[in-house]
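Peer 1: Next come a sequence and a model predicted from it.
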Amino acid sequence: MSIDTQPDAGASSLARQVLAQEEQAGKRDIVDDPATAGVPELTETDDQMQLSEVVRVGGAGTLGTLFALNLVDEFDRAAFGVLGPDIQASLGLSDATLAFTGVLGGFVVVLAAIPIGHLGDRMSRTRLIGFLSLVWAGFALLTGLVQSAFQLGVARVLTGVGKSNEGPLHKPVLADQYPIAGRARVFALHSAASPAGNVLAPILAGGIAVAVGGAAGWRWAFVVAAVPGALAGLVALGLRDPARGQNEARALDVSEAAMGGEPNVPLGAAFARLKRVDTFRYALAGLGALGFGLFTAPIFVNLVLERTYGLDAGGRGVVGSIVALGSLIGALVGGRVGDQLLQHSPEKAMQRAALAVGLMGPTMALSVAMPNATLHTVVAFCSSAMISAAFVPVTAVFSAAIPARLRSVGFALVGVYLSLIGGIGGAIVGGMLSSSFGPRTTLIILVPPTTIVGGFILNLGSKVVRKDIALAQADLREAQAAAERRARGDECPLLEVRGLEFSYGSVQVLFDVDFEVRRGEVLALLGTNGAGKSTVLRCVSGLSLPDRGVIRLNGDDVTLAAATYRVRRGIVQMQGGKAVFPGLTVRENLEVGCQVLDDEAAASSAIDEVLELFPKLRERLDQRAGSLSGGEQQMVALAKALLLDPELLIIDELSLGLAPVVVGEILEVLQKLRERGVTMIIVEQSVNVALAIADRAIFMEKGQVRFAGPAAELRERDDLVRAVFLGKEGG
Amino acid sequence: MTFSIEILILGLLRGLAYAVLAAGLVLVYRSTKVINFAHGQLGAFGAAILGKLVVDLQWNFFVALAFVLVIGGAVGAALEVLIVRRLIRSSQLVLLVGTIGAAQLLLVFQLLIPNDQGTGFGVRFPSPLPWTATVGTLVLDSSHFMVVFCVPIVLLGLWYLLTQTRIGLLLRASADNADAAELAGVSTTQISTLVWALAGVLSTLTIVLINPLQGVFVGVPSIALGPAMLLRAVAAAQFGRLQSVPLTLVGGLFVGVLEAFTLVNRGSGATDAAIFVLLVVLVLLRARGSSTDVQTWSLAPKARAVPEYLREVAWFRNLGSIVGGTGLVVAVLLPIVFSTSSQTFLFSRVVLFAMVGLSVTVLTGWAGQLSLGQFAFVGLGSMTTAALVAKGVPFLSAVGYSAVAGAFAAVLIGFPALRVSGLYLALTTLGFAVFARGWLLQLDVFLDGDTVATVPRSTVLGFDLTSSRTYYYFCLVFLVAAILMVRRLRSTGSARSIIATRENEQAAASKGIVPTAQKLQAFAFSGALAATAGSLFAGLRVTFSPADFEATASIDVVAMTVIGGLGTVAGAVLGALYVVGIPALFNDNPEVALFSSGVGLLLLLLYLPGGLMQLVYFARDAIVRKLDAAFTGDRQSSVDAAGITTLARPELAFAGTDDVPLRVEKLDVTFGGLQAVKEMDLVVQSGEIVGLIGSNGAGKSTLMNAVSGYVRPSGGRIVLYGDDVTSYPTHARSAYGVGRVFQDARLFPELTVREVLMVAMEAVDPSHLVPSALALPSSIISERAKRSAVDDHLSYLGLGRYADTPVSDLSTGTRRIVELAGLLAQGARFLLLDEPTAGVAQREAEAFGPLIKSIQADLGATVLIIEHDLPLILSMSDRVYCMSAGVGIAAGLPDEVRNDPGVIAAYLGTDERAINRSDSGHANGATPRRRAAGRREPLQAAPAGGSK
């Protein structure tokens, strides 16, 4: 329909047409869900591997050392618990101070895991493990020497820091060191150290204290424990740190070169990326819910053993040891069954684990409802076997679903959720319930719902496991493809954007956006409002982090790098209309603009240089930028961007709200830059303005690229740029 | 009135303490733009440790100080990393509530510091200097000398850091424009962490200095910075507009001396009153002109729009009523199951807090006015009831009078709100809370010289209220009535107008809504509701005193409402159940209360910003998705299906004495010293489309804003349809049939498309609060008429499928259509269009020309339009004005102006690429009239390549 043929087209029909256009633009092509891209090929080469073979391939040293360290960790915790009364008497501490010190130590273990996990994703993990274990050993030694509550607190805080190497580092190292086919079993062996330590530590610690005797007996327990800890730490220093994700890469024939590490991933970016992995979210939520009931349960169980079954410390110790044995057996069974299931059906492994988790709570409740201690022990044995049997495969699935390079942070976060969110929350609620209803009732009403909810969430998570593993594999394949392109000697584009996806909350705004910018070219990024152009640019410059996809600058992956890092690497973005600091003077704007130039002389000469380009600004140096006209502000913004001598200059909304005369002036400046060979991306509402300067164009609509090619070709595509429904030729 | 050197010295010393506190607020405000309610508590943690170290462990004071300053810095940094950083992208107000939660969390940590009850117990907080001095009757000791030495040095250091160093510059840049700072390579997160770490150090030092002055004991955890202290610090900071450190010092000293003076002469209540008055004056003086910053309250939980066809499902349609009814049955049965009088007392408390929560829902959730003084209205209600009952007024009448008193007080407090918004209002109301507790509620009018008030329960309407169960039902009846009233209100034009005013005051005013009246109505309603709850509290407690209405309760009430879910009726009830009900279950254990408010608040803000209601909405959304997937019927909206193609246009009687829509004569507009429009003349004749072009800052929008009434001209006249309206406010101009379209097309983001159009109809059929709230027939009839008219408009423009979609979810293009639909709905006859295609892609922009023309034709309207899209404006205008630097430089037929040498020099330039932003002139065809006259086509750029 055309306006000329129907000059009286009413508002009704015109509005409908615009809306129809908007609506149509809103429909996007359905991209094939990568989850349907086939069964994960994790284990295609390593079928039916015996555990002995798994250990042989990876070497016994790593597993042995980490097992030993885990055992020693457990010893430390148990020793502090068992020897608490001695320490209290020896240092003259109140109950509150002793408990506070214990809680503080535990708190530090969990919190320190986050920065340690962060380091673990960027440096040698085995070195880190070794170093931290030595820290632990050193301060365990000092724990034996402390003379005051304050010193004890400091020692506990620092042993806590040293101890927290286990959570974020051990499993990622094991995952990379041993073949995938045996991962659950390796994890199971490693985690068997906890129940083993639980049984042995009290006996050993108490034994040493008694053997030495006297008020200072407890000190020797810590001094003695420091020795194996230090030794294992030294061994760990000598271990080779396996390449991150090497097993996954091997399974998919991805070269190590393609895996290339990514520099400078800030912690926040790592969190954000992990949160996009559905399995990770379900695991966090499920374990958080689980921790709510589970973390404080042992305390209440001990109270029940004492009050209901009338057991003394010795009796409680025996029950505890038997139950720990259940947990040990459970772990080994979990590892074995887990490995069998994981090969073909990770979701089934997760479902079984979820079932075990769900049943575990009622079983535990049943155990404290038993009429006598013997029956309690039998049932409790089953419940502890269930939970550790469930944990092992969940951990293995978890490590397969999150990107290998973020595993340490991932495991650290799991620890935080399990013990902080679950543990503290559970302690509060449990404490409140217990003071009202007693420990037995508390366990019965608190534990079953939390494990059932936890199991339910994990079961929900089983539906996304396969998809996440497939996505992780797709990333590796993409990296391999890029490496192959480079290896073939294809020209490396300055900027490469692959498979970019982005959501604001639950609203996805970018779908598989793919494009590249060649060195020296001017690329126009065009599209309707809300098409996602600005979001693409935010991802490129680092203001936003994509859910998925890769951004490479000169072949280097910068997807998760901080914006400040990219600025130093030469990506400079100017946000049209809001790029200045309105409260600062023009001079201050420019000073902030070149603050990455470390050399002051270089900065001032850069400022002089851009002022040559914009002589008008020289008169306004001491005026507040906010008081300038829109055109002048755009000049300041452009000047600020040019100070950094960009390799890639990105201009968002070049002409928004500017008079033609100003747009003309800016186009002239850009023309000069282009002649100098600056690569540019220009985002524009007006196709006409953008095509005036661009070599190539990309047209986006509702988060997808609809056209990519030479600028001249886009001009012909009336379906994209013209209001076709109004009739394209009027005159 | 006495004034002595002692008063002066005492005042100055206090003033120094306030100044250093205020400086901490200034530091955080400069970087984070929030008043840090956790500031005191931030330092109290370290200070408590210092006390233990010095007194219990005999550390040297200065060594311990250095140690705890490090701790303070770490706590500040941790707060930033864990909480502030995650909330900073939300609104200022969310962050403000977040700091309230953080303060409570820090108090919990302070409680965790082990207390050995050893040497330190009962010992005064240490101060290191062994000196004393005597001035008159005043004995100065170490604590005073520490303040005198430390505070000036600290303030000087802070001033130097902020204004003279690179860090200061980067800090200001990050605060000014965080994205731009990141893009310049400044790590704003690091800067922010640094600032909060500094704030932690500063706060620790401050509390260490202040504790001995306040007579704090070691090992006794206390709220470090109660509302009264905070108020004084805020008043001091206001002197420097929360920016300048030197002026903050001056402010602190002034406040200190004022306090010392009023304290000696009039007692402590008068001090609170004086500080409150000072704060209001300062806020009013300082906030002028700063209330324009846009504040949207993004806390409101959001539910998916339910497709219209799903409302056919009967059980789903009535889900709200089913759940509400079930809740009511449970509420009725509760006291029968739990029948002790202490239990029913607690249930009554929950009911009354829910009522107070509802008052916050209206004021903060709808009107967007954050009140930190809501509990003062509760106190006022209680006290008024007590005073009236003591004079023999029956209880039920006393409740009524108290509600009126609450409404009246709220309007008085609300008046400053007409001038300020957001943060400043929060501070003013906080001041009111402190003032009410310290002075107002203590007046003899209420207490008659006594210290407690008594309201004996009696028989009301034949019901014996002395039984606590009956009294619970009595309260429940009031709550149910309040809920029904608020729900009813939300579905009428009154609430829509209040929300529209909050969301976009200018746009609301252009629909004839009087913003000040809407705000005052919201204040009055919420004040009346809170005071009614207060009245009922009086009957519940029987005996009470002003101390029952501490200012902290007001803050707790806000936290409660946020926890429940702001802006929703059910949220207020859920919040009260959670915050008041749960601690009651656990026998009012104070730690439970802290967790259920402070920690609960933080967790919710971080994970469920919409509060508990968001969980409810999750569930509801899941049901919607399930139902939607199972739905097999016709999905077309019935509105669209109606397929209306012509609109019945009612005859509207507009004001005006002739038919020339607009005459602007010698108009001058100045901002500060800057003359934005100079002696501008402009005439728009009936039926014309007049274009207004010119470069940025040329004064086009200012001119249009003057015509709309948003800016007051400094000279000249604006004549609409023959009447001089120069001094009329915006809403009065809508009576002339003026319709306005804005550059930002923001509309009212939270309202649905249907609601937006119904708001537009306020221009022809305004709603009134009382008939709406009481569901009087006049209101019901008017609502029905509006709804049916709006449905016709939606159908006419094909917007039916968006009818229940919030405007914020629409694309810019669709929003533009809704905006134009609003012009149709209000029946405007003179359209002021400010860049109606801004932010719309070229393809749609080209479509807007014809659309605007046809809407003009539909309405038979006159148009004044501003556009940068030259081809578009030249092709559609009858005449064009060009402005440059506030002056009209050309006027005439489009092509005359297009080729005017002055216009080319000042505005167009010669770059055709920049001029021909769209192909409007081509795609739509130049108007036949112009082609017939053989005028030149708008210049065609070489690359745009339109074939002829």
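Peer 2: Nice, I can see it. Numbering: from 1, shown residues only, chains lettered A, B, ... in the order given.
Peer 1: A:V323: which element?
Peer 2: helix A:313-344 (DSSP states H and E).
Peer 1: where does the stretch 151-300 of chain A dip in pLDDT?
Peer 2: A:256-264 (pLDDT under 70).
Peer 1: Identify, by residue count, the longest helix of chain A.
Peer 2: Longest helix of chain A, by residue count under DSSP state H: helix A:439-488.
Peer 1: Can you tell me the strand partners of the helix or strand following that helix and which way each runs?
Peer 2: Downstream of helix A:439-488, the next assigned helix or strand under DSSP H and E is strand A:495-504. Strand A:495-504 has the following sheet partners, assigned by DSSP bridges: strand A:507-517 (antiparallel), strand A:548-553 (antiparallel).
Peer 1: any idea which of the ones you listed is most buried?
Peer 2: Among the strands paired with strand A:495-504, ranked by average contacts under mean count of other Cβ atoms under 10 Å in any protein chain shown, first place goes to strand A:548-553 (a mean of 21). Quick note: C-beta positions are derived from backbone N, CA and C, even for glycine.
Peer 1: That one to helix A:439-488, inter-axis angle?
Peer 2: Angle, strand A:548-553 to helix A:439-488, by axes from the mean of the first three to the mean of the last three Cα atoms, to 10 degrees: 40 degrees.
Peer 1: Can you get me a residue count around B:F395?
Peer 2: Number of residues near B:F395 (other Cβ atoms under 10 Å in any protein chain shown) recorded here: 22.
Peer 1: ugh, wrong one, B:L57
Peer 2: Neighbour tally, B:L57, other Cβ under 10 Å: 14.
Peer 1: Equivalent analysis for B:R746, please.
Peer 2: Neighbour tally, B:R746, other Cβ under 10 Å: 17.
Peer 1: show me the contacts for it.
Peer 2: B:503-504, B:507 (Cβ atoms under 8 Å, 6 or more residues apart in numbering or on different chains).
Peer 1: Save the residues you listed as a markdown table, and put in neighbour count and distance to B:I904 too.
Peer 2: Output for these, formatted as a markdown table (neighbours: other Cβ atoms under 10 Å in any protein chain shown; distance: Cβ to Cβ, whole Å):
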| residue | neighbour count | distance to B:I904 |
| --- | --- | --- |
| B:E503 | 24 | 41 |
| B:N504 | 22 | 37 |
| B:A507 | 25 | 35 |
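Peer 1: Output stretch B:478-485 in PDB, but only the C-alpha positions, please.
Peer 2: Presented in PDB, the C-alpha positions along stretch B:478-485 are these (Å, rounded to 0.1, in the frame of the first residue of the first chain):
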ATOM      1  CA  PHE B 478     -10.700  -2.000  59.900                       C
ATOM      2  CA  LEU B 479      -7.900  -3.800  58.000                       C
ATOM      3  CA  VAL B 480     -10.300  -5.500  55.700                       C
ATOM      4  CA  ALA B 481     -12.000  -2.200  55.000                       C
ATOM      5  CA  ALA B 482      -8.700  -0.600  54.400                       C
ATOM      6  CA  ILE B 483      -7.700  -3.300  52.000                       C
ATOM      7  CA  LEU B 484     -10.900  -3.100  50.100                       C
ATOM      8  CA  MET B 485     -10.600   0.600  49.900                       C
END
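Peer 1: Name the residues of that stretch that are buried.
Peer 2: Going by neighbour count (16 or more other Cβ atoms under 10 Å in any protein chain shown), the buried part of stretch B:478-485 is B:478-479, B:482-483, B:485.
Peer 1: Of these, which is the nearest to B:I582?
Peer 2: Among the buried residues of stretch B:478-485, B:L479 lies closest to B:I582 (Cβ to Cβ), at 18.5 Å.
Peer 1: who's in contact with the helix or strand hosting that closest one?
Peer 2: B:L479 belongs to helix B:468-490 when assigned by DSSP H and E. Contact partners of helix B:468-490, identified using Cβ under 8 Å, 6+ apart, comprise B:324, B:328, B:331-332, B:335, B:339, B:341, B:344-345, B:347-348, B:351-352, B:354-355, B:358, B:361-362, B:366, B:457, B:460, B:463-465, B:495, B:525, B:529, B:532-533, B:536, B:539-540, B:569, B:573, B:769, B:772-775.
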